[in-house]
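> sequence first, then the predicted structure, then my questions.
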Amino acid sequence: MVVNGDTVLEQYLRKHPTKAALWSEQRKLVDDPRVTPLGALLRNAVSPASELPRVTCVLISIQSGAVVPIKN
């Protein structure tokens, strides 16, 4: 994030009224001007990495032959 994020966001929303409408509804921006290029890279790298424990558990249960009972 940039140092003066509130100011940057305010100026961006004044220049882009359609984005301002989305911000007021969702509080989310796809191309947030406050995020630095390094921050965007880290967000993209960390998201898939956060799924690794779940994938590992699935793979371990498949390899161990664990069977999940199905309720009728």
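Okay, I see it.

> going forward, measure contacts between C-alpha atoms and count neighbours the same way
Noted.

> neighbours of Tyr12, how many?
A count of nearby residues for Tyr12, using other C-alpha atoms under 10 Å, gives 16.

> what pLDDT does it get?
At Tyr12, the model reports a pLDDT of 95.

> point out where this protein drops to low pLDDT.
62-68, 72 (pLDDT under 70).

> now do the helices in it.
In order along the chain, the chain carries the following helices (DSSP state H): 5-15, 17-26, 37-49, 52-64.

> reformat those as CSV; add distance to Lys71.
Converted to CSV, the helices of the chain look like this (distance: least, C-alpha to C-alpha, whole Å):
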stretch, distance to Lys71
helix 5-15, 51
helix 17-26, 39
helix 37-49, 32
helix 52-64, 19
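
> list the contacts of Arg54.
For Arg54, the contact set (C-alpha atoms under 8 Å, 6 or more residues apart in numbering) is empty.

> against Arg43, how distant is it?
Distance, Arg54 to Arg43, using C-alpha to C-alpha, to the nearest Å: 19 Å.

> for burial, what's the neighbour tally of Ala20?
By other C-alpha under 10 Å, the residues close to Ala20 number 19.

> with that, I have no additional questions.
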